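A.B. asks: Just to be clear, the model below is a prediction. Sequence and coordinates:
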Amino acid sequence: MAESVSKLRQVGEHIELDVGDDIANSPRYNEDIAPTRASQRTWTRWNVASLWVGMAICVPTYTLGGVLTAGFGLSVSEALWTILVANVIVLIPLTLNAYPGTRYGIPCPVVMRASFGIIGSNVPSLIRAVVACGWFGIQTLFGGIAIDILFDTLIPGWSALGEAGVVVGFFIFWVANIAVVIRGAESIKLLEALAAPLLLIVAIGLLVWAMPKISISELLAVPATRPEGSSFIKIGMSALTAMVGFWATLSLNIPDFSRFARTQRSQVIGQIIGLPLTMLLFAGLGVVLTAASFNLVGETISEPISLIGKIDSPVWVVLAMLMIILATISTNTAANIVSPTNVFQNIAPKLINENKGVILTGIIGIVLMSWELLKRLGWLDTDVSVESLYTGWLLGYSSLLGPIAGIMIVDYFLIKKQSYDLLALYQDNAGYPAWNKAGFTAFLIPVGLTIIAITTGELSWFYAYGWFTGSILGGLIYYIVARNEIRSSS
């Protein structure tokens with residue numbers, strides 16, 4: 001019997017792949033990373049907006065204000081402006097890198113095959129995946145803390161477990177996250193649609209509880225704590241880079257979600273609606289409540305779970321913890337599990353399917369968070385805190401991810417002219433190289449400069465503004481090298 005041949009067809013603004021034996025038998029293909037069919041592209045602008053509301057309302061977002069005021073020394077008003085501007089800026093790579101996902105229905109690692117090579121795509125994908133697994137562990141810990149407080153309120157004697165209760169909560173929360181993602185993209189869409197309005201209610205409820213005891217005008221007048229005479233431009237740009245870095249991860253793997261969008265208009269408008277204002281409002285809430293927490297409960301508390309736990313009403317604590325648990329699941333499943341799941345499949349599509357990728361992501365998340373779990377069980381003595389860990393990440397990984405974002409955008413819009421050879425993306429030696437020299441040249445030069453800046457202290461500005469310098473330089477080098485390759489081959 002003759003081998004059937006795959007075919008492409010245009011369905012509206014989408015390209016759809018009818019898979020034949022040639023692609024189905026390829027070692028670079030499985031059904032979970034295959035292009036979505038037109039019938040699967042059901043996400044409206046409101047689904048995309050709900051996705052961002054669900055991801056943005058989380059414990060790390062709440063603590064961003066503390067990072068900017070305590071860590072960078074900005075004033076409260078400066079911190080709020082920084083958060084807003086950063087999230088307007090990050091919309092640019094988010095919406096642009098979402099385009100190939102929406103048009104071709106392909107996930108992030110397959111998009112990267114065009115700019116880094118069929119095999120080479122695994123390198124930038126794995127960098128993104130490791131960051132996601134780390135965040136998965138951190139968010140799962142926050143979920144475990146919320147479950148511990150919830151059980152402590154509901155179950156007599158639970159407090160006797162001490163910090164071990166958080167570890168138990170961690171694994172309960174871990175199972176809940178894995179269960180949602182294994183059910184597929186539709187379950188994530190439904191979760192985000194359910195979570196978004198409930199999470200906004202929690203944010204409004206916290207503000208209503210706090211408002212009678214605080215003065216917004218006094219908080220906004222709190223001066224900056226940076227050293228006298230230090231340059232706001234330098235510190236402000238570093239803070240802006242860190243805030244852009246917060247969602248630099250999603251600016252790479254946004255095709256994992258945009259591949260389900262109905263239209264390009266849906267993904268663009270949905271992201272504009274869902275991201276900047278949600279981040280400003282919830283991070284702003286964190287700025288206000290952290291600054292006001294001493295007046296509210298007698299001590300300064302920089303994260304909402306512990307602050308809510310101080311409310312003198314078991315009913316409200318239980319309701320709030322349930323909402324926090326839902327908030328953290330909605331963030332974790334979308335932002336931190338989907339991406340590495342697709343990445344692990346990209347490495348060996350015939351050996352790793354979606355379910356195996358999800359489990360592998362979960363296991364790595366446990367390993368990366370094991371030091372904190374052992375610390376809470378009293379089996380490990382360390383002064384490293386989760387808060388300091390993810391604060392340090394914001395500048396560090398944005399310097400790595402910036403060049404990748406720039407390369408992806410330049411490749412799709414300027415080099416490929418928004419036209420991929422979809423069949424070749426799923427085959428070896430069919431049009432795209434195994435390793436794309438242009439992609440790795442453009443990636444390694446900015447990374448090399450970052451390493452020089454970190455190890456020698458020279459070019460410190462390059463690292464301080466890592467996402468901006470990396471994405472611009474990476475995109476520029478990629479354009480020059482790729483154009484030269486095209487000229488030399490023609």
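C.D. replies: Everything's here; your move.
A.B. asks: low pLDDT regions in the stretch 51-200 of the chain?
C.D. replies: 199 (pLDDT under 70).
A.B. asks: Please enumerate the strands of it.
C.D. replies: Applying DSSP state E, counting those that start in this stretch to the stretch 51-200 of the chain gives no strands.
A.B. asks: where do the helices sit along it?
C.D. replies: Using DSSP state H, counting those that start in this stretch, the helices of the stretch 51-200 of the chain run over 59-66, 76-104, 108-116, 122-154, 164-182, 185-210.
A.B. asks: ok, V168 - contacts?
C.D. replies: For V168, the contact set (C-beta atoms under 8 Å, 6 or more residues apart in numbering) comprises 144, 147-148, 161. C-beta here means a position set from N, CA and C on the backbone, and glycine is covered the same way.
A.B. asks: next one: S488
C.D. replies: Going by C-beta under 8 Å, 6+ apart, S488 touches no other residue.
A.B. asks: any idea how far it lies from L360?
C.D. replies: Separation of S488 from L360 (C-beta to C-beta, to the nearest Å): 40 Å.
A.B. asks: Check G402 too.
C.D. replies: 27 Å.
A.B. asks: okay, these two: which has more neighbours?
C.D. replies: G402 (31 against 18; other C-beta atoms under 10 Å).
A.B. asks: Touching, that one and A248? I think so.
C.D. replies: Yes: between G402 and A248 there is a contact at 6.6 Å, judged by C-beta atoms under 8 Å.
A.B. asks: where do the contact lists of those two overlap?
C.D. replies: With C-beta under 8 Å, 6+ apart, G402 and A248 have common neighbours W467.
A.B. asks: going on from whichever strand or helix holds L8, what's the next piece of helix or strand?
C.D. replies: Per DSSP states H and E, L8 falls inside strand 7-11. Downstream of strand 7-11, the next assigned helix or strand under DSSP H and E is strand 14-18.
A.B. asks: elements contacting that following strand?
C.D. replies: With contacts taken as 3 or more C-beta pairs under 8 Å, 6 or more residues apart in numbering; DSSP states H and E, strand 14-18 sits against strand 7-11, helix 76-104.
A.B. asks: Quick one: mean pLDDT for it?
C.D. replies: Strand 14-18 shows an average pLDDT of 92 in the prediction.
A.B. asks: roughly how far apart are L51 and Q40?
C.D. replies: In terms of C-beta to C-beta, L51 sits 16 Å off from Q40.
A.B. asks: For those two, indicate the residue with more neighbours.
C.D. replies: Neighbours per residue (other C-beta under 10 Å) separate L51 from Q40, with L51 holding more: 30 against 14.
A.B. asks: What residues does that one make contact with?
C.D. replies: L51 is in contact with 43, 188-189, 192, 257, 270, 274, 334, counting by C-beta under 8 Å, 6+ apart.
A.B. asks: out of the residues you listed, who's nearest P433?
C.D. replies: The shortest gap between P433 and any of the contacts of L51 belongs to F257, at 27.8 Å (C-beta to C-beta).
A.B. asks: Let me know whether that closest one touches G101 as I believe.
C.D. replies: Yes: between F257 and G101 there is a contact at 7.4 Å, judged by C-beta under 8 Å.
A.B. asks: In stretch 363-378, which residues are buried?
C.D. replies: Neighbour-count burial for stretch 363-378, counted by 16 or more other C-beta atoms under 10 Å, picks out 364-366, 368-369, 371-373, 375-376.
A.B. asks: Can you pick out the ones from those that are in strands?
C.D. replies: Among the buried residues of stretch 363-378, no member falls in strands (DSSP state E).
A.B. asks: Throw those into CSV and include pLDDT, thanks.
C.D. replies: Converted to CSV, the buried residues of stretch 363-378 look like this (pLDDT from 0 to 100):
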residue, pLDDT
I364, 94
G365, 92
I366, 94
L368, 88
M369, 90
W371, 86
E372, 88
L373, 92
K375, 91
R376, 91
